[in-house]
Each structure stands twice: as C-alpha cells, then as structure tokens.
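Q: generate a structure from the sequence data that follows.
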Amino acid sequence: MSDCLFCKIAAGEIPSTCVYEDEDVFAFRDINPQAPVHVLVVPKIHIGSVSEINSENAAAASRCLEVIGGIAEKEGLENGYRVISNCGPDAGQTVHHLHFHILGGVKMGEKIV
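A: The predicted structure follows:
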C-alpha cells in the first residue's frame, strides 16, 4: 500500500534503525519503546493484521515468526521476551500492517493489561 507507514519503512522510504532484514522481512527498533528492547518485525508485503493472514500470504507471516528467535538472541534476550501482535483498534493496533513486537530486557509480569 502506497500510504502505509510500515510499507514505507520496509522499503527504505522512511528512516528507521534496522536490526534485521531479508527478502521477506524487515525488523527495526520501535521509536516509542515500551521495554529496554522493543523491536518491530514486519513482512515486506502488506498484510493488514493477523485477521488478514490467508493461504496467499501465510508464508510471509510465518517468515516473521521464524526470525524472531534469532533477533531476540542477537539482542541478548537470554532470559526471555514477549511477542505481541495487536489486531484491530480495540487491541491498540495503530498501524494497519501486520507486525510483531519483540519486548524484552526487563522482567515482565504475567498480566499484559
């Protein structure tokens, strides 16, 4: 999508701090971190959210999940980390492009809200 913020970031049209990139996935530091480590992992193709994953784009979504462990290891998250994907406005999704938050570097409680 030409007006999608994360599509523009993944295409290099908007600057970001890249932590990982391959032909299908782009990962970068969140500009408003909620933990000492806060990385966003996005597919390079536009998928609106988890609700829009289908047989045609599932490989791109799956590739995001495949790289998360390596990113967490590279970031030094040896004691654990949280992965979150918000889906829709009630969940707090503000950018409508599938993305996974990797949060870590601090001991977190069991509750998310």
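
Q: point out where the protein drops to low pLDDT.
A: The model of the chain has pLDDT under 70 over residues 1, 113.

Q: quick one: contacts of stretch 65-74?
A: The contact list for stretch 65-74 (Cβ atoms under 8 Å, 6 or more residues apart in numbering) reads 19-20, 22, 25, 27, 39, 41, 81, 83, 100, 102, 104. Glycine gets a C-beta too; all of them are placed from N, C-alpha and C.

Q: how about 6 Å then?
A: 20, 25, 27, 39, 41, 81, 83, 102 (Cβ atoms under 6 Å, 6 or more residues apart in numbering).

Q: what does stretch 34-43 give?
A: Residues external to stretch 34-43 that are found in contact with it (Cβ under 6 Å, 6+ apart): 6, 10, 19, 26-30, 60, 64, 68, 71, 75, 98-100, 102-106.

Q: strands along this protein, start to end?
A: 18-21, 25-29, 37-43, 81-84, 100-104 (DSSP state E).

Q: just how off-centre is the last one within its chain?
A: Computed by Cα atoms, centre = their mean, to the nearest Å, the chain-centroid distance of strand 100-104 equals 7 Å.

Q: outside of it itself, list whatever touches it.
A: With Cβ under 6 Å, 6+ apart, strand 100-104 has contacts from 35, 37-39, 41, 64, 72, 77, 81-85.

Q: which of those residues ranks first by neighbour count?
A: Val39 (27 neighbours; other Cβ atoms under 10 Å).

Q: could you find the closest non-adjacent residue to it?
A: Nearest non-adjacent residue to Val39, counting by Cβ to Cβ, 6 or more residues apart in numbering: Ile102, 4.4 Å away.

Q: so what's the residue count around the one you found?
A: 25.

Q: and the gap between it and Phe28?
A: The spacing between Ile102 and Phe28, counted by Cβ to Cβ, to the nearest Å, is 11 Å.

Q: same check on Ile45?
A: Distance from Ile45 to Phe28, counting by Cβ to Cβ: 16 Å.

Q: many thanks, I have nothing further to ask.
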